[in-house]
Every structure is written in C-alpha cells, then in structure tokens.
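Colleague: Show me the folded form of this:
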Amino acid sequence: MKHTTTLNYCIALIICCLTSCKKDVKATETLVVPEEEPKQIEFLPFTEVDLKDLSSFKPTTANWQITGHAVADRVKERTLSFSEGTGILVNMGDKDANGHIFTAFEHGDIEIEMDVMMPVKSNSGLYFQSRYEVQLLDSWGVEEPQYLDIGGIYQRRDDARGKGKEGFEGHAPKTNAAKAPGLWQHFKIIFHAPKFDDAGNKIKNAWFEEVWLNGVLIQANVEVSGPTEAAAFEDEKPRGSLMIQGDHGPVAIKNIKYKLYEDKKFSFSNIVNKEFEGNYQALINMDSLKMVSEKNVDNIDISELALSNSRKIVSYSGTMEVPTSGDYLIKMGLNGGGLLLINNDTIFNLNEDYGYAFQQRFAELTLEKGSVPFTLVYNKKFPWRGELELKVEGPQIQSYSLLEPIVDTRPRRPQPERILIEPKEDIIAQRTFIMHKDIKKVFSISVGSPIGIHYAFDLSRGSLLMAWDGQFLDATPMWDSRGESQLVEPNEFHVASHGGFEFAYLESDDSNWPNMDDDIGFKQLGYEFNQEGIPMFLSQINGTTVTNTFKPSGQRKIGRQIVVNADKTIWHKLAEGESIEALPNNTYIVNDESYYVEVSGSNKLKPVIRNVNGVDELVVKIPSGKQTINYSIIW
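Modeller: Residues are numbered from 1 along each chain as shown. This is a model prediction of the structure:
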C-alpha cells in the first residue's frame, strides 16, 4: 500500500497510547516525526477531454471546430468570433451544417465539469447519455427562471397527453445564476444513469444528483422518468455518449473533465466497538482506561455518542473489504481527536490541541482488492460537539461516507425565522463581517439598493470586495442566538474583486503592487451620503485623497465613480485575474471571476493591461491633481 506517511502499526499504537494522560498521572511521550506530511489533495484527478482536435468526439458536421480563442459580441445576437488554435470546442451556429456532437466515451454515472460561453440569445443543451438535457441558454437578467433557462432540466414531451399538456416533468433551476452573455460560466454536474435488472428491465430512473452553475447549487436530486424533449434516442440504456446540441445556436465550451462511477463500495466485517469513559484532551494509554463496553457491531455508527453530552473515547477495529485495486483518497474531519489505521499503516493521527476548530485531512493511498484490517479511534473532547467525518473516493467510486448517517429523533427547537435585511425604499448601509476569498473581513460595509444590486466594501483597504443581485443580506448567522459565526451571508451568486489595495505609488510601470498587509500610508476617512442617499467612501494615501461612489444600475451592473486628488502620480488597479483581455468599446473581460469592466468613453485616462508575477492587472496611471475615473462592473 502506497501512502505518504507509513508507520509501523506498533509505533502507531505507541502514539495512540502515550501522547497524553489524565491530570493526576505523569505521561511518557514518544515523539514520532513522519518522513513526509500527507499530500492535501481534496479529490482524485479527473479525466480531461483533449481539445487539440475533434478526436475525442464521434464524427460530426462542419459546424463544430476546435479553436484557440472565442469572443461573443455583447450586442449582436448569436454572434461568436474565434481564432485558430486549440483548447476550445466551438459550434459556429451554421444554418446549413448544424449537427449535434457526441463524445467518443460513453458514460453511466458521471461527474463532469466544464466552462461554457453563451452568445446573446443563443441556445444549446447538454444531453447526458444523449437523452437527458441540462439546458444551455443566454438567461442573463431573467427574474423567474423556467426549465428552459440555463441549468434547467428540460421537459419531456408526449403528444398523446393532449393539446396543451404535451410537455411535462421540466425542472427550473432554483435560482438564476447566469452570467452576462460572452462570459465563461462554470458547470459541475453529477448524473446517475437509469438502472436495470439482469433481464434488462428498468428498476430505477435516471436522476441528477447535483447541478452547479457558477458555484451555485441550482438543481438537487431531480429524477427524470425518461428521455427529455429532442433527445437523440427515445429508449433508455445503462450507458451512452454525452451529446451537445448543435442546431439551436452558437456555443463555446472548454475545460471539459469527468469521472465515471460504478456502484462499488467498501464492506466491513468482524467489527469490534470499544467505549472508554473519561475526559481526555488527547488519546492516551487505552489499557489504563476504564472500558465501559465492548461489543460486536455491523457498521460504524457514532449516532449515540454524537448526540450525547458525554466525553468519551471510542474505537472500531475490524476488516474492510476493498472493492477494487487502485488509488484512493480518504478524508477525515472531526472536532476533538482521532486516529485511523488501514492495513497497519497510520493514515491520520489527529492528536493535538486544535481547540474547538473542525479539522479536515486528506490522504492518498493505494489499496489492493481484498480484505485489510482497520482501526478507527475517536476522542470526543467536547460534550456539545461530536462531529466525525470519514469519506472515501476511489477508482470509479464516487466519494461517500464510511460512517452510518446520524439519525436524530430528539425533539428539536424550531428553526429561527431568517433575519433578512432588504432595502425596500432607500439604500441601506450595514456594517458587517463578511467572507471574501476565505478571509473574514471585519471592517467591511455592505450596501443594498432597492433595485436589487448590492455590494460590499472594505473600509480598511478602501476596496470593493464583491457585488451581487437578488437578496441583500441574511443576518441570521450574525444576530440569531449567540451569532456564533458573526457573519452575514450575501446571495450565493456574486462576483468577487481582488480585495487588496486599489491605489498605490509605484516606482515604475512594472513595479509590484503592494501586498494587502503592506504599509502604504492608507487611512480611511469614513463615509457620507450624497443628495441621492448614496454613500461616498473617503480615504487618504499619504498626500492623495480618494472618494469612491457606487451606483447600481440594474441587471447585474454596478457603476463606479472615483474622484482622485493626487499630490503626485499614483496608480489605480481596476481588476486583476489569471487573464484580462481588451474587447471593443472600452470593455475588458476578467476571466478568473469572469466579469466585464466597461470603462466610460469620456475618461481622459485609459487603463492598460500589465502582467506582474504571472497575474494580469488592469491599471490606470493617474497624474497629480484632481482626476475622475468612471467605469462599470458587469456580471
């Protein structure tokens, strides 16, 4: 078995037994330093579809091409331009040649990710097994999405149902997470094929476990009883090709990757469950503890312990049956402490003082098919926190929990009514803690407008954090009960800016932009409201003063006006990303978050794109004196 940290089972038991003790017993500690820390990868690799040519697909019509670049016109309908190269699959939307394209591989259960670009008013579809469609459509600005909008699971059709009733079983996305036409949009979809018995009779319908669009879960556990409208086939099979529709308009697709799954799982036998009484901050010599119980069990079920207010150590030892040989990824998460050994190798040794924080670890290992011994130890340190997670992913095995689900039949207190902050008539400026790129921003202010376009601004850096539409803020996590997370939650679908300093003095045109923690002489001067009730954020960088004003303008667009009174030449960063590209009409596309920056044509100062340390930056050089910069962010 290959593993990044391999310790002899006996040594592992020494760790388990000797790393701590009761308060009244002196401990003998044995320190074992692993040769290498486990590699922290969170999922096994996908299979990537090679887009250097069309060899990954079955022969098709001439409307499908491999290109190196694609741009959709932001005004003209169904207009997509492209250039020579590789990496992007393009349907040109040809009226004469408009066939569909089918992957060379066939799938049953599948997890797939890809990026798609929809031109204005264009239409296409992803047909799983060439039969069950997830809709692709330019749905930007649609307030109440239907099954025929992007991410919808298209309806079935049966003319025998009668006029007006032909269509049925369409499923609209839970929310409209569509970006503006011409922006890359990311899909993640988990689909399960229909199941059949040995005689070929269907015993379970196909279903979509999850459909994610731009980081938002828009479909969950949706069953489809048969092929949807315009499917390539009317029958149902265990496997089939992925089909992309080619007769409804142009579309560009890139970064296609997938995993194929089979119905394989681990099984357990000869499990012995031991429970020890006590209050221990670390795993100690088990032989010195008072064992409360020892019994044979059929599975690993910590429900009783997790739901109790006791502090205990429990262990499970037995045999696990590995379903197939190959590389596996094990994930362990917990509050407290724990240990996992498989085939006498230490996979996880979480035996430190982590406080109340939930810990997660990942380990990649190679297992051979067959029986191997295992030991799982869990130290529940805190009576009110009993969380243990143990998941596995493997060759053609979708990630799933090795633990039995916790069943809580206790009476539960009613869930609190959500505390929603919604601007009805006037703009609301609410001081908040908010998460931005995994960092809690504690000096932020969130601003909501009645037209439904909102943003968050970091007062400590003078920078835009994010913008979103729809619901303004859910303050329940901050204001309900103890407000443990101390966070507000904006709408799931938002676009994030870089969040660092937006202004800096640079020694040269290619100087590094200051880091977030650098001392650049920044001072925030508060904010005030103008006559329209719009907040203006005031700040100072040494001898330069800056006034930031944001004006929501509907349909996922927010305008920005910055007035700078500079004592000397200073730079402003409008955006940064993995790539920034100039488009016609003073527009730029930022491809990591995938949004547009539209610069006003009246600006005297023109931004430039520069690359520093592998990151593209859209910056403008501002001379001394009073200057005004106007631009909009569109997503």
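
Colleague: Please make it C-alpha for all contacts and neighbour counts, starting now.
Modeller: Noted.

Colleague: what's the spacing between the residue lying closest to E404 once chain neighbours are set aside and D408?
Modeller: Of all residues not flanking E404 in the chain, D301 sits nearest, at 5.1 Å (Cα to Cα, 6 or more residues apart in numbering). The span separating D301 from D408 equals 12 Å under the rule Cα to Cα, to the nearest Å.

Colleague: So for the two, which sits in the more crowded spot?
Modeller: D301 (17 against 11; other Cα atoms under 10 Å).

Colleague: correct me, but the more buried one touches V407?
Modeller: No: if you go by Cα atoms under 8 Å, D301 and V407 don't touch, sitting 9.8 Å apart.

Colleague: phi, psi of G125?
Modeller: Here is the backbone geometry of G125 (degrees, to the nearest 10): phi -170, psi 150.

Colleague: dump the residue contacts of it.
Modeller: Going by Cα atoms under 8 Å, 6 or more residues apart in numbering, G125 touches E133, V134, Q135, L136, L137, I244, Q245.

Colleague: Check A496 too.
Modeller: A496 makes contact with H436, K437, L465, M466, A467, E593 under the criterion Cα under 8 Å, 6+ apart.

Colleague: now do 7 Å
Modeller: By Cα atoms under 7 Å, 6 or more residues apart in numbering, the residues touching A496 are L465, M466, A467, E593.

Colleague: By neighbours, which of these wins?
Modeller: When neighbours are taken as other Cα under 10 Å, the top entry among the contacts of A496 is A467 (27 neighbours).

Colleague: Can you classify it as helix, strand or coil?
Modeller: On the three-state scheme (DSSP: H, G, I helix; E, B strand; the rest coil), A467 is labelled strand.

Colleague: That one contacts G452, correct?
Modeller: No: look at A467 against G452 with Cα atoms under 7 Å: they stay out of range, at 10.7 Å.

Colleague: what about the helices in the stretch 351-500 of the chain?
Modeller: For the stretch 351-500 of the chain, the helices defined by DSSP state H, counting those that start in this stretch cover 476-479.

Colleague: actually the stretch 1-150 of the chain, sorry about that
Modeller: Under the criterion DSSP H, counting those that start in this stretch, the stretch 1-150 of the chain contains helices at 9-18.

Colleague: Where does the prediction get shaky in it?
Modeller: 1-39 (pLDDT under 70).

Colleague: that older thread, and which of the contacts of G125 is nearest to E425?
Modeller: Taking Cα to Cα as the measure, L137 is the one of those closest to E425, at 32.9 Å.

Colleague: Run through the bridge partners of the closest one.
Modeller: Note on L137: beta-bridge partners N123, judged by DSSP bridges.

Colleague: so what's it up against?
Modeller: Residues near L137 by Cα under 7 Å, 6+ apart: M118, S122, N123, S124, D149, I150.

Colleague: Now for the third one: which residues touch it?
Modeller: Right, N123. Applying Cα under 7 Å, 6+ apart, we find N123 in contact with L136, L137, D138, H248, G249.

Colleague: Show me which of the contacts of L137 is closest to N611.
Modeller: Nearest to N611 among the contacts of L137, with distances taken as Cα to Cα, is M118, at 27.7 Å.

Colleague: Find the residue at the geometric middle of this structure.
Modeller: Nearest to the mean C-alpha position of the chain, by Cα atoms, centre = their mean, lies G215 at 4.8 Å.

Colleague: what's the spacing between that one and K188?
Modeller: Counting by Cα to Cα, the gap from G215 to K188 is 8 Å.

Colleague: ok, now H494?
Modeller: H494 is 17 Å from K188, by Cα to Cα.

Colleague: cool, A467 as well?
Modeller: 23 Å.

Colleague: next one: G559
Modeller: Per Cα to Cα, G559 is found 31 Å from K188.

Colleague: Please apply the same query to P45.
Modeller: P45 sits 15 Å away from K188, going by Cα to Cα.

Colleague: Of these two, which one has the most company?
Modeller: Neighbour count, other Cα under 10 Å: between P45 and K188, K188 has more, with 19 against 10.

Colleague: Which residue is the nearest non-sequential neighbour of the more buried one?
Modeller: Nearest residue to K188 in three dimensions, chain neighbours excluded: E113, at 4.4 Å (Cα to Cα, 6+ apart).

Colleague: could you show me where the helices are in the stretch 201-350 of the chain, in order?
Modeller: Counting by DSSP H, counting those that start in this stretch, one finds helices in the stretch 201-350 of the chain at the ranges 303-307.

Colleague: returning to that earlier point: hang on, isn't the residue nearest to K188 packed against I190?
Modeller: No: if you go by Cα under 7 Å, E113 and I190 don't touch, sitting 9.0 Å apart.

Colleague: any common contacting residues for these two?
Modeller: Common neighbours of E113 and I190 (Cα under 7 Å, 6+ apart) do not exist.

Colleague: For the residue nearest to the centre of the chain, what are phi and psi?
Modeller: Here is the backbone geometry of G215 (degrees, to the nearest 10): phi 80, psi 10.

Colleague: now A178
Modeller: Dihedral pair for A178: phi -70, psi 140, per degrees, to the nearest 10.

Colleague: Local confidence estimate at E578?
Modeller: Reported pLDDT at E578 in the predicted model: 94.

Colleague: And for R412?
Modeller: 75.

Colleague: Tell me how many other residues surround it.
Modeller: Neighbours of R412 under the rule other Cα under 10 Å: 7.

Colleague: now do G533
Modeller: G533 has 11 neighbours, counted by other Cα under 10 Å.

Colleague: Name all residues that make contact with it.
Modeller: By Cα under 7 Å, 6+ apart, the contact set of G533 is I427.

Colleague: Okay, S122 and I421: tell me how far apart.
Modeller: Taking Cα to Cα, one finds S122 at 36 Å from I421.

Colleague: These two: which has the busier surroundings?
Modeller: Neighbour count, other Cα under 10 Å: between S122 and I421, S122 has more, with 21 against 16.

Colleague: my guess is the more buried one meets R78, correct?
Modeller: Yes: counting by Cα under 7 Å, S122 touches R78, with 5.2 Å between them.

Colleague: Tell me which residues are up against stretch 478-487.
Modeller: For stretch 478-487, the surrounding residues in contact (Cα under 7 Å, 6+ apart) are F433, I434, P477, V488.
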